[in-house]
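Peer 1: sequence and computational prediction follow.
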Amino acid sequence: MPGQAVRLPSVTHTQIAYQDRIVTHLPRVALEIKTVGLYDLVLQDVQKIAGKQRVSEEEILAIMAEHPEILEEYKQINVEYNLSNIHLRNIDPDRLSPACRPEAEAVNRHLDHLRAIEKYTLDFEQSSTLVIIFSIEFFVLFSVQYFIVLLDLKAYQWYIYGLFALSIAVAWWYAKKEQKKYTHNRTIFEKEYEETLRRIADLEARGCLKKSDLIIEECEEHV
């Protein structure tokens with residue numbers, strides 16, 4: 001029933017295993033949802049699911065395990081505010097044996113590229129690019145009305161409206177172009193994401209490093 005407290009499952013071995021397959025540190029996510037005002041809307045969704053106002057980090061982790069949309073909502077907010085969901089620092093190759101360095105440098109290149117194209121993981125319909133396109137078109141429409149009415153250019157109104165129609169066509173073409181860019185880069189991101197995790201797992205299996213040593217547990221922007 002809505003508003004009724006529910007019994008929350010504990011964090012399972014499945015969730016711990018899931019942590020190994022992502023570059024987002026779930027305990028950090030839970031802490032930030034609970035304590036950082038930027039994620040208040042996410043916290044409210046968590047509270048609705050939990051059926052209570054006070055939720056612990058353990059409970060948030062459990063809710064994320066049962067409701068993956070909570071984690072996606074958190075990630076989307078980060079992308080919108082240019083905060084990275086990649087909670088891993090680059091590897092210091094100088095601290096590794098020569099045999100491990102080439103693979104570690106490849107991981108660093110992947111991590112840098114993932115951060116660079118992370119913005120494309122946001123749905124295009126919710127991106128700032130689309131907002132800018134709409135804002136420009138609104139400004140053009142306002143300008144059209146200004147020239148026709150305030151400057152008394154009614155004799156030229158069809159030419160002006162024609163230019164406005166042309167601007168709409170250009171905006172539509174540009175939006176479609178950007179949408180394809182988002183789709184293309186998101187595909188690249190997902191492929192490189194998996195490749196990065198595979199390489200890190202390989203380095204860990206060879207005893208070159210521990211993934212846990214790479215985790216960035218605190219966001220400097222939130223301090």
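Peer 2: Yep, that arrived.
Peer 1: quickly find the element holding the residue nearest to the spatial centre of the chain.
Peer 2: Here the mean C-alpha position of the chain is nearest to the C-alpha of residue 79 (CA atoms, centre = their mean), at a distance of 3.5 Å. Under the criterion of DSSP states H and E, residue 79 resides in helix 68-80.
Peer 1: show me what counts as buried in that helix.
Peer 2: By neighbour count on 16 or more other CB atoms under 10 Å, the buried set for helix 68-80 is 70, 71, 73, 74, 75, 76, 77, 78, 79. Quick note: C-beta positions are derived from backbone N, CA and C, even for glycine.
Peer 1: residues contacting the residue nearest to the centre of the chain?
Peer 2: Neighbouring residues of residue 79 by CB atoms under 8 Å, 6 or more residues apart in numbering: 85, 118, 119, 121, 122.
Peer 1: pretty sure the fourth one sits against residue 75.
Peer 2: When you say that, I think you mean residue 121. Yes. Residue 121 is in contact with residue 75 according to CB atoms under 8 Å; the separation is 7.5 Å.
Peer 1: what residues are up against residue 115?
Peer 2: Residue 115 neighbours (CB under 8 Å, 6+ apart): 84, 86.
Peer 1: that one belongs to a helix, doesn't it?
Peer 2: Yes. Judged by DSSP: H, G, I helix; E, B strand; the rest coil, residue 115 forms part of a helix.
Peer 1: residue 51 versus that one, what's the distance?
Peer 2: 37 Å (CB to CB, to the nearest Å).
Peer 1: then residue 81?
Peer 2: 29 Å.
Peer 1: same check, this time on residue 38
Peer 2: 24 Å.
Peer 1: so where's this protein uncertain?
Peer 2: Along the chain, segments meeting pLDDT under 70 span 1-20, 124-128, 130-131, 134, 137-138, 140-161, 221-223.
Peer 1: how is it carved up into domains?
Peer 2: 1-85, 90-215 (automatic domain parsing).
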